[in-house]
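S.K.: Need coordinates for the following:
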Amino acid sequence: MNNRIFCVVITILLHSVATNNAIRAKANGTATTATERRTAWRQHVELERTSPYKHLKWRALGPTRQGGRIEAIACPPGYGTTIYLGVGSGNLWKTTNNGITWTPIFEKESTFTIGDVAVSSADPNIVWVGTGETQPRHSGYSYAGTGVFKSLDAGATWAHMGLADTHHIGKVLIHPRNPDIVYVAAIGHSWTDNTERGLFQTVDGGRTWKAVLAINDQTGIVDVVMDPENPNTLYASAWNKTRFRMAGVHSGIYKSTDAGARWRRLECGLPTNVALGRASLAVCRSNPRVVYAFIDNHAPNEGKRKIVGGEVYRSNDKGQTWTRTHQKSLYHVCSQYGWKFTDIHVSPDNENDLFILGTRMYHSTDGGRTFNRISEKIVRLHDHKTTGMHLDHHELWIDPLNPDRLLLGNDGGLFMSYDHGQTWLHVNNLPIGEYYTISVDMDTPYNIYGGTQDNASHMGPSTARLEDTKPDHWQQIFLDRWGGGDGFVTLPDPTDRRYIYYEHQHGDIYRKKLGGSVLTGAAEDRRIRPKAVAGSPSYRFAWYTPFAISHHDPFTLYVGGNKLLKSMNRGEAWTEISPEFAADPGQGNRGKAPLGAISSLAESRLKPGLIYVGLDTARYT
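M.R.: Got it, this is the predicted structure:
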């Protein structure tokens, strides 16, 4: 084995020994229990403590100018330069100088995936984190958390406070005057039914929890907000979802006026059908009678196949009655991906000034009757080849003391505005890129290649250092016009350094021919996505499509769809080398990534032609 990657492999193997049992697929279809996961974590900690390689240190290589997916933002009131950022699958970060430098403060806990972060307005040293990213997907990766954590020293140390089986937490809400009272909105398992989902309350700082709003084992709570005048009045958003459906009859908006002891479902004017999905809520601070809901409605659009999409509803009487604010469709905000977004935020000083978040972010100044896309005038800390705003917005924080100050989190990282969204600063100095895969070439020194979640595919020298003050030596292998794009398997040809293979979602594979050295020179991209023979059904590929170069012949490629496909001429032509592995599941899967496809493949390094494949679901045999 190459010595340059030996230590990395050993570290990964040590962790795998501890966690293998905790992530295995159960024959009876149940999820790994919270007890098993805690046991696996303790084993990991012990292996790390006793490892003969514990003296080895990781060093950050970059790249420095890309972003990553921000799920949560929180700031202590009155501390204008302190920001907490929760990354979907990349730790909790803190700055005390308004983003000039950042420190990871959740490094030694049992999970790296963040759903929400909250700071007590009564004591800025009290910080809560709800773990588990808030995009439970129907396919692909969605990392489950291990419950809620609490810090009493502004993030310096953490204590696990329970709710370990919630997996995905959408919101943590702290009482404004009594920090011992905390509410946690838990979405629950992505793939299986479970009871530890709903809205939980603690009145003793997290020592004990009570489920104050529990609907059923397929319905969680994704959002909860509080009346700023009366903390006993709460609004909660229920989300009825399974792996194969992102909506259900039990989704809806609930209200309590006694701190969560009793609840009633709000329906007057709101859509109520089996196609309701995720919803976000907002209460206006300056006029708490005004409540907004941004709902992902999966009902057919006027009899057409296309779903309605996001809809904004407003109540002027604290939720008693509701009216849709707009006549024109807002399908373009989230399209069919409302389960990823549907965030809504209202300015603290103006009940008619609101923002909705989706693939892009939109602003309304007339109470939601009309919406305009936010400005994309952007200055960046690090140079970037694009000029527009990154797509896929997940979080917005509006400063309650200065509503012109906005902090926006999206798949491209953190953006700041001090003029209510007219101009933005892209704070792209956070090393939070989520790599699907990495590979290396045979150069000396070797180069590194990898595809990231919505931040393109990159290549760069192994000699790079994140702390270097020189220009970033990494470059994008491709880049879409929004500053990213999903990049998955990215492979250099092992024998001809002119060729690099990369892919987008659903088997969209390209072969890049470089005109100069690996990191410079003109390039030519050729699409080599396999196409079925005329008259035959199109191939189905998973969101993350497995793709490989043969260990025994660099001209031979493999790609996994509903069938395994092989090319012997660098992708110019493809041949089916397997039967149909899985049928298209259909049934309510419209608008979603196709299931029933190969999700992983591997060719033996010792025996040519010996290939293993794995499917994206065990539902098909």
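S.K.: Enumerate every residue touching Ile295.
M.R.: 270-271, 276-279, 310-313, 342 (CB atoms under 8 Å, 6 or more residues apart in numbering). Backbone N, C-alpha and C define where each C-beta goes, glycine included.
S.K.: where does it sit relative to Ser417, distance-wise?
M.R.: In this view, Ile295 and Ser417 are 26 Å apart by CB to CB, to the nearest Å.
S.K.: Quick check: next helix or strand after the helix or strand containing Thr35?
M.R.: Secondary structure assigned from DSSP states H and E places Thr35 in helix 34-50. Next in sequence after helix 34-50, counting helices and strands by DSSP H and E, comes strand 70-74.
S.K.: helices or strands next to that following strand in the packing?
M.R.: strand 83-87, strand 114-119, strand 393-398, strand 406-410, strand 413-417 (3 or more CB pairs under 8 Å, 6 or more residues apart in numbering; DSSP states H and E).
S.K.: any residues touching that strand, and which ones?
M.R.: Contacts for strand 70-74 (CB under 8 Å, 6+ apart): 83-88, 114-119, 127, 133-135, 394-397, 407, 409-410, 413-414.
S.K.: Quick check: can you name the pairing partners of it and their directions?
M.R.: According to DSSP bridges, strand 70-74 forms sheet pairs with strand 83-87 (antiparallel).
S.K.: Give me the mean pLDDT for the strand it pairs with.
M.R.: Mean per-residue pLDDT for strand 83-87: 97.
S.K.: Which positions within it qualify as buried?
M.R.: Residues 83-87 are the ones in strand 83-87 that count as buried (16 or more other CB atoms under 10 Å).
S.K.: hang on, the earlier thing: looking at the helices and strands packed on strand 70-74, which is nearest to Ser604?
M.R.: Ranking the helices and strands packed on strand 70-74 by proximity to Ser604 (CB to CB) places strand 83-87 first, at 36.5 Å.
S.K.: Between strand 413-417 and the closest one, find me the angle.
M.R.: Inter-element angle recorded for strand 83-87 and strand 413-417: 150 degrees (by axes from the mean of the first three to the mean of the last three CA atoms, to 10 degrees).
S.K.: Quick one: name whatever helix or strand follows strand 83-87.
M.R.: Immediately after strand 83-87, counting by DSSP H and E, sits strand 92-95.
S.K.: Could you identify the helix or strand that succeeds that following strand?
M.R.: Remark: after strand 92-95, the chain's next helix or strand is strand 103-104, criterion DSSP H and E.
S.K.: if I pick Thr146, what's in contact with it?
M.R.: Taking CB under 8 Å, 6+ apart, we find Thr146 in contact with 34, 37-38, 41, 109-111, 131-132, 160, 164.
S.K.: okay, those residues in TSV with neighbour count and pLDDT next?
M.R.: TSV is the format used below for these (neighbours: other CB atoms under 10 Å; pLDDT from 0 to 100):
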residue	neighbour count	pLDDT
Ala34	18	92
Arg37	23	92
Arg38	16	92
Trp41	18	94
Glu109	18	96
Ser110	19	96
Thr111	23	95
Thr131	30	98
Gly132	31	96
His160	18	97
Ala164	21	96
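S.K.: just the residues you listed now: which is nearest Asn178?
M.R.: Nearest member of the contacts of Thr146 to Asn178, counting by CB to CB, is His160, at 21.8 Å.
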